[in-house]
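Enquirer: After the sequence you'll find the predicted model.
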Amino acid sequence: MKLQLLLLCTLLSTYTFAQQPVKKVFLIGPGKGELNTDALYTKERGYGWDDTTGLRLVQYKDIDHQRTRDYITAPHPFSFSVDVPEGEYDVVLYTGDRYGRSATTVRAECRRLMLYNIRTRKNEIRASKFTVHVRDSLIRQKGVVTGKVKLKDREHEYLHWDNRLTLEFSDSLPKICEIHIMPAEAEHVAFLAGNSTVVDQSREPWCSWGQILPAFYDARDVAIANYAESGETLHSFRAAGRLDKIFSQMRGGDYLFIEFGHNDQKRKGENVGAFTSFKKELEYYVRETRKHEGVPVLITPVNRRSFDSTGKITNSLGDFPAAVRQVAKEMKVALIDLNAMTKEMYEAWGPEKSLKAFVHYPAGTYPGQKEALKDNTHFSAFGAWQIAKCVANALADKHFPFNRRGGVFRKFDHAKPDDPATFYWPASGFSGTVKPDGN
């Protein structure tokens, strides 16, 4: 019966693929129509593993029920892709092992964290649900293509601009039993507009708060759609069509989270500044979001790691945080003051411990890394996790209707941040040494 269901889903997806999202069920096993270790992704097939190296199929022949009989694992991170039209998708992932334990972390697209360290005991198969936003670079109005996002050269290799959903499985014992993908039921979409401190960073060890946030929330409430990009200003983000792309998908009641400032402060020219061009551009974002019946949320730019001789954070962002606060007050927009929160948080760690929140690694830490990495703007996974906690805690304090995923995020005091020594991070299989744009 399960095999018939899989073949029916495959037939339907082949027939209706380009027109509308459909449910896809992927059963693990060696049989015809099942997902085995040799199912390498091809465009013709439309789904499969991105690399089959090291994949291992485990079967318990004494078990009749397929979901508890077979699983796929590997000694390293591995990923699966499936062609889907752009939109939001609910993924139900079954993990576990009838005769052993498992531990699985799941990232989607460009290392967007969806499930964190999901553990199962012996004889436990666990179903976990999350929501993924999938997109392409075309801008559509009522189904008609009216434009295209101007991508930077490096973005062409990003996994979040293609027409497929990619899931990466990692952790100490990832064991995948079954994958279901279907159109999402999320109440709202929270779009993120920002720079390299927000973007889904494509490579370890860089990470940003926007790519951690999805793991904190229940799939039924909100899908996080991260459109931030490294090096962007309010002006360049809009000029590249990124804002139009967001508005082409926004529905009434959706959110737009806006954090800029790091790169905007480097713009030069007449009438260019925090309380002139930047403020006017920010006001435009707010007005247009409301015209599209969305809810704008302003976020002050995070501090750089810039300590003075007394152990206090210096203001390296000039008047830009103040300009954001002013727009929020004048236009009655919800404000998340990350600038104020990160100042207190970095100072609580101090100059030495705060290094763990940023990309500071000795040479040889990552493949091909010949020189030490010393980046005081961009976050490590630990730092991004702490910033995401700041955002989530602020949203809870402001009574945003997002239910937090149990066991992942609890009440957080940014003035008493976590100790980096207690942080566990299952690394992704994607790493690199090229610093993101912006500073």
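Expert: Received, thanks.
Enquirer: and the gap between the closest residue to residue 163 other than its chain neighbours and residue 89?
Expert: Nearest residue to residue 163, sequence neighbours excluded (CB to CB, 6 or more residues apart in numbering): residue 136, at 5.4 Å. The C-beta positions use only the backbone N, C-alpha and C, and glycine is treated the same way. For residue 136, the distance to residue 89 (CB to CB, to the nearest Å) stands at 14 Å.
Enquirer: distance of the residue nearest to residue 163 from residue 164?
Expert: Applying CB to CB, the value for residue 136 to residue 164 is 10 Å.
Enquirer: Tell me which of the two has more neighbours.
Expert: Per other CB atoms under 10 Å, whichever of residue 136 and residue 164 has more neighbours is residue 164, with 19 against 16.
Enquirer: and the more buried one, what does it touch?
Expert: Residues near residue 164 by CB atoms under 8 Å, 6 or more residues apart in numbering: 81-84, 134.
Enquirer: top of those by neighbour count?
Expert: Scoring these on neighbours with other CB under 10 Å, the highest-scoring entry is residue 134 at 25 neighbours.
Enquirer: show me the contacts for that residue.
Expert: Under the criterion of CB under 8 Å, 6+ apart, the contact list for residue 134 reads 84-89, 109, 160, 163-165.
Enquirer: if you set the cut-off to 7 Å instead, what comes out?
Expert: Contact partners of residue 134, counting by CB atoms under 7 Å, 6 or more residues apart in numbering, are 84, 86-87, 89, 165.
Enquirer: Dig out what it forms beta bridges with.
Expert: Beta-bridge partners of residue 134, counted by DSSP bridges, are residue 87.
Enquirer: go on, the one 5 residues further on?
Expert: The residues paired with residue 139 through beta bridges, assigned by DSSP bridges, are residue 147.
Enquirer: from memory it sits against residue 150, does it?
Expert: No - using CB atoms under 7 Å as the test, residue 139 is too far from residue 150 to be in contact (10.7 Å).
Enquirer: For the two, list the residues in contact with both.
Expert: Common neighbours of residue 139 and residue 150, counting by CB under 7 Å, 6+ apart, are residue 241.
Enquirer: So the two - more neighbours on which side?
Expert: A direct count of neighbours by other CB under 10 Å for residue 139 and residue 150 places residue 139 higher, at 19 against 12.
Enquirer: and that one, what does it touch?
Expert: Going by CB under 7 Å, 6+ apart, residue 139 touches 145-149, 241, 244-245, 248.
Enquirer: what about the residue lying closest to residue 113 once chain neighbours are set aside, how many neighbours?
Expert: Excluding the flanking residues, the one nearest residue 113 by CB to CB, 6+ apart is residue 215, at 4.3 Å. Residue 215: 23 surrounding residues under other CB under 10 Å.
Enquirer: Distance check, residue 215 against residue 102.
Expert: 18 Å.
Enquirer: what do you get for residue 111?
Expert: Remark: distance between residue 111 and residue 102 (CB to CB) = 21 Å.
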